[in-house]
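>>> take this sequence and fold it.
(one chain, ligands or ions: 1)
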Amino acid sequence: MNSTTTVFDQGREATVNTANHSAGLADRPAKIEVRDLSLVFGVGDKAVHALGPINLSVGDGEFLSIVGPSGCGKSTLTKVVAGLLPPTKGEVDIRLAGTSIAPIATVFQDYGIFPWKTVLENVKFGLTVNGVTGSEATDRAAMWVQKLGLAGFENRYPSSLSGGMQQRVSIARALAVEPEILLMDEPFASLDAQLRELLQEELLRLHESDGRTVLFVTHSLEEALVLGDRVLVLTARPGTLLDLKDVPFARPRTSEVRESREFNEMRYELWSHLKDQVHIGVTGDAS
Ligand SMILES: Nc1ncnc2c1ncn2[C@@H]1O[C@H](COP(=O)(O)OP(=O)(O)OP(=O)(O)O)[C@@H](O)[C@H]1O
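Numbering: from 1, shown residues only. A predicted model of the protein is given here:
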């Protein structure tokens, strides 16, 4: 049975709704519907129109990569979907199957893990705050620690881990709650090129095995194409839809796809759309 709950209603023509939705994967129903969404920070002279208006539909199980010039509103969009920011105008409908203790989980660039907790305690944290405790929490956390290649490091503190391992902890914590939607905001931005490629491979594998809906913000067109089913390209601020490209590379996919001619042609095509926006973003000159 479907039910709609208003998560946000600030009395400002703006809502974020979640609804139980039990349709199967086969017909790929929309998981996230963004309608006429705009967000303005502040008021009067200090107002910053960060995003929109934007309309977007993200399919159940889709991996959507989001790119755009710096400051165009990519993080703002993911924060609105996460329910962390109320939109100024428009709405976001999220159709939940109601199968998860925490329907939406987020991973950010700066890991967001607690330095005073061990790897296992960090991964357990998302479970315990959502009511999973005792041996069930420990077993589930241990399973995700293992899946993310951190077995043997359960009792280590973040300060003794590399950046790549800390980001794995953050991803394990997000996935341990088995969210229906995973929001990732430049999660690999501070990692070196080799680690980044390794984690891209792992994310491909995880996504292909569980079919979770993912929104993935990145500055790298290459990363967007390696990972995504589609790439959303936003204009300079306020971010609106410039392009929405299907990525044609078959799954299961490996990061070797980046060696193909088709891949490089697509990357060039995306960049040719994006570079004017980057110029506008830097100079403010739309001429
Ligand atoms: N809390 C805030 N108050 C005022 N302005 C804000 C706030 N948060 C973000 N902004 C502004 O809104 C715009 C969009 O910011 P956002 O962080 O969403 O962009 P982004 O595309 O993710 O940027 P980047 O690629 O550089 O991380 C920017 O101009 C930013 O300065």
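>>> I figured residue 96 was touching residue 213, is that so?
No. Here residue 96 lies out of contact with residue 213, judged by C-beta atoms under 8 Å, at a distance of 10.4 Å. The way it works is simple: take the backbone N, C-alpha and C, and place the C-beta from them, glycine included.
>>> between those two, which is the more surrounded one?
Higher neighbour count among residue 96 and residue 213: residue 213, with 23 against 20, using other C-beta atoms under 10 Å.
>>> now residue 247. Nearest residue, chain neighbours left out?
The shortest distance from residue 247 to any residue that is not its chain neighbour, by C-beta to C-beta, 6 or more residues apart in numbering, is 5.1 Å, and that residue is residue 228.
>>> okay, now that neighbour: neighbour count?
For residue 228, the neighbour count with other C-beta under 10 Å is 24.
>>> go on, residue 136?
When neighbours are counted by other C-beta under 10 Å, residue 136 comes out with 10.
>>> give me the element the nearest residue to it once chain neighbours are set aside is part of.
Beyond its immediate neighbours in the sequence, the residue positioned closest to residue 136 (C-beta to C-beta, 6+ apart) is residue 127, lying 8.0 Å away. Residue 127 is part of helix 119-128 when elements are defined by DSSP states H and E.
>>> packing partners of that helix?
helix 134-147, helix 163-176 (3 or more C-beta pairs under 8 Å, 6 or more residues apart in numbering; DSSP states H and E).
>>> list the buried residues in stretch 170-183.
Applying a neighbour-count criterion of 16 or more other C-beta atoms under 10 Å, the buried positions in stretch 170-183 are 170-183.
>>> and the two most separated of these?
When C-beta to C-beta is used, the two most widely separated members of those are 170 and 180, lying 18.6 Å apart.
>>> so where is the stretch 151-287 of the chain shaky, pLDDT-wise?
Scanning the stretch 151-287 of the chain for pLDDT under 70 picks out the ranges 285-287.
>>> any residues of it in contact with the ligand? List them.
The stretch 151-287 of the chain comes close to the ligand at residues residue 237, as judged by C-beta under 6 Å from any ligand atom.
>>> which residues in the stretch 151-287 of the chain form helices?
Per DSSP state H, counting those that start in this stretch, the stretch 151-287 of the chain carries helices over the ranges 163-176, 193-210, 221-227, 261-283.
>>> distance to residue 154 for those - can I get that in TSV?
Compiled in TSV, the helices of the stretch 151-287 of the chain are given as follows (distance: least, C-beta to C-beta, whole Å):
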stretch	distance to residue 154
helix 163-176	10
helix 193-210	18
helix 221-227	28
helix 261-283	38
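>>> quick one: closest of these to residue 54.
Nearest to residue 54 among those is helix 261-283 (14.2 Å), distances taken as C-beta to C-beta.
>>> other SSEs contacting that closest one?
For helix 261-283, the helices and strands in contact under the criterion 3+ C-beta pairs under 8 Å, 6+ apart are helix 221-227, strand 230-234, strand 241-246.
>>> for the residue in the stretch 101-250 of the chain that the ligand sits nearest to, which non-adjacent residue is spatially closest?
Each residue of the stretch 101-250 of the chain has a distance to the ligand, by C-beta to the nearest ligand atom, and the smallest belongs to residue 237, at 5.2 Å. Distances taken as C-beta to C-beta, 6+ apart place residue 72 nearest to residue 237, at 4.9 Å, with adjacent residues excluded.
>>> helix, strand or coil for the one you found?
Reduced to three states with DSSP: H, G, I helix; E, B strand; the rest coil, the structure at residue 72 is coil.
>>> with residue 85 instead?
Secondary structure assignment for residue 85 (three-state DSSP): coil.
>>> that one - how many residues pack around it?
Residue 85 has 19 neighbouring residues, counting by other C-beta under 10 Å.
>>> which one is residue 274 nearest to, not counting chain neighbours?
Counting by C-beta to C-beta, 6+ apart, the nearest residue to residue 274 once its immediate chain neighbours are dropped is residue 233, at 5.8 Å.
>>> next: residue 81.
Spatial nearest neighbour of residue 81, excluding adjacent residues (C-beta to C-beta, 6+ apart): residue 92 at 5.8 Å.
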